[in-house]
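**Student:** Predicted coordinates and the sequence they were generated for:
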Amino acid sequence: MRLAVGLWSTLLLGACDSGPSDEEITAAVEAAFDSANPQGRTGLLIKGRDGVVWWQAGAFTNKCLEENDLAFNDDPTSRPANAQGLARISPTYKNQWTITAATDTGYCIDLGADPKIEVKDISKDIDGYRVVTAYSMGTPTKWFECLRSDYRDRLVEVGVDAEGQPVVNTDLSLFQGDCPHPLPPASPRKAGTEPTAAAPSAPTAAQLQSLAAAFDEALASRNGEAAAAMVSCYNLYEEKPYGACAVSEIIPHGSMKDSEANPWMEYAIKDFTAFSKTTRDRENPSIYHVPFKHKRSGETRSISVQWAGGEWKLLGVVSRKSAGLTVARIVNDLHDREKRDIFGRRVAGEDIDDSGQPNNPQAEALPN
């Protein structure tokens, strides 16, 4: 009888010890995390594209976003009852430069580089194990620091397969969505030296069409860095305007091939054969204006190009802030004498708006 009791106790003890060890569970969680979050710069997707003022983003603490001037928070009571549970934000102009990529579904915020996970506790559950973890980032941004605690400190469910090996049943990703990896790094707006040297000759129709096609293709393929490199940009809201644009001022533009985003040519032309004749700017010999007829209104509009760094670039201008993402417009009509005069005065530092009227300095307004 004593032998039978001893044997039964041994069998029970063996059954209790048959599961994976804490070390094996930890290794499985770390491997699953590394697979979901490769090393390198990591983005978080905020959902919404063309014409959107508010983006879906439920991962952040509202107070932290506002205290760090990262984003406005939408008031859920202003929405229909069936949409009140959805957290939405609108990045501020001041910090929208931390958005570094566009995707088919939204935009990607820079969370930082090199995601890490720490296993804090392992406990047995009916169907497996419950693992308490803490997320961190090798070099975090303010956006990462504003993640909600339940997004950074996660409970992970781990099961056991037929061979007794741990299987992670929880999605461990940092909500990258369709963001590229590694994410292009965020670069603050930084002024450069305005080009003033005359171009060797006027741009040809072939050069204009090639530049426009390359820019359009970069936008279509969501290569924001390549698109931004083709733009000679003036940001009229910065103390020193030339070059003070971020990738975030370029990527809201859609390709002319893309029905989901507002095209950078603003529906003005059918194709790039509209570009032919050019006129040199009367003040800056590095700039040429390219007039064309609007395909619907017949009105004369124009883009401009600038000889910068030994090549032709599209001239982009951040001339007004938007309720959503502020963009550098390409169709600026600087062939028009009055608009060119206003542009020049603003570049020189005069505090006027894009219609030439004095500004009334005020805090950035909440998007409507």
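**Tutor:** Cool, the structure landed.
**Student:** only C-alpha atoms for contact and neighbour calcs from this point on.
**Tutor:** Will do.
**Student:** mind listing the helices for the stretch 101-250 of the chain?
**Tutor:** Using DSSP state H, counting those that start in this stretch, the helices found in the stretch 101-250 of the chain span residues 142-145, 149-152, 205-220, 224-229.
**Student:** Give me the contacts around the last one.
**Tutor:** Pointing back at helix 224-229 there. With contacts defined as CA atoms under 8 Å, 6 or more residues apart in numbering, helix 224-229 is touched by 100-102, 184, 215-216, 218-219, 247, 250-251.
**Student:** rerun at 7 Å
**Tutor:** Contacts of helix 224-229 from elsewhere in the structure, counted by CA atoms under 7 Å, 6 or more residues apart in numbering, are 101, 215, 218-219, 247, 250-251.
**Student:** Can you add distance to D114 and neighbour count and give these back as CSV?
**Tutor:** Formatted as CSV, these follow (distance: CA to CA, whole Å; neighbours: other CA atoms under 10 Å):
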residue, distance to D114, neighbour count
A101, 18, 27
F215, 31, 23
A218, 27, 20
L219, 27, 27
V247, 22, 28
I250, 26, 29
I251, 24, 27
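**Student:** And the furthest pair within the residues you listed?
**Tutor:** Pairwise distances across the contacts of helix 224-229 (CA to CA) peak at 15.3 Å, for the pair A101 and F215.
**Student:** My guess is P358 contacts I352. True?
**Tutor:** Yes: counting by CA atoms under 7 Å, P358 touches I352, with 4.3 Å between them.
**Student:** In terms of neighbours, single out the busier of the two.
**Tutor:** Legend: neighbour count by other CA atoms under 10 Å for P358 and I352, higher for I352 (16 against 11).
**Student:** got the contact list for that one?
**Tutor:** The neighbourhood of I352, defined by CA under 7 Å, 6+ apart, consists of 346, 358-359.
**Student:** Now do the end-to-end distance for stretch 65-76.
**Tutor:** 16 Å (CA to CA, to the nearest Å).
**Student:** what does that stretch contact?
**Tutor:** Applying CA under 7 Å, 6+ apart, the external contacts of stretch 65-76 come out as 62, 84, 88-92, 95, 146, 366.
**Student:** Put together JSON lines for those residues, with neighbour count, secondary structure and pLDDT on each row.
**Tutor:** Putting these into JSON lines (neighbours: other CA atoms under 10 Å; DSSP: H, G, I helix; E, B strand; the rest coil; pLDDT from 0 to 100) gives the following:
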{"residue": "N62", "neighbour count": "20", "secondary structure": "helix", "pLDDT": "94"}
{"residue": "Q84", "neighbour count": "14", "secondary structure": "coil", "pLDDT": "66"}
{"residue": "R88", "neighbour count": "23", "secondary structure": "strand", "pLDDT": "91"}
{"residue": "I89", "neighbour count": "23", "secondary structure": "strand", "pLDDT": "94"}
{"residue": "S90", "neighbour count": "23", "secondary structure": "strand", "pLDDT": "94"}
{"residue": "P91", "neighbour count": "26", "secondary structure": "strand", "pLDDT": "95"}
{"residue": "T92", "neighbour count": "23", "secondary structure": "coil", "pLDDT": "96"}
{"residue": "N95", "neighbour count": "15", "secondary structure": "coil", "pLDDT": "96"}
{"residue": "C146", "neighbour count": "21", "secondary structure": "coil", "pLDDT": "97"}
{"residue": "L366", "neighbour count": "12", "secondary structure": "coil", "pLDDT": "53"}
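**Student:** what's the most distant pair in the residues you listed?
**Tutor:** Q84 and N95 (25.9 Å).
**Student:** what residue ranges in the stretch 151-300 of the chain are flagged as low confidence?
**Tutor:** 259-260 (pLDDT under 70).
**Student:** at 80 instead, please
**Tutor:** For the stretch 151-300 of the chain, the stretches with pLDDT under 80 are 258-261.
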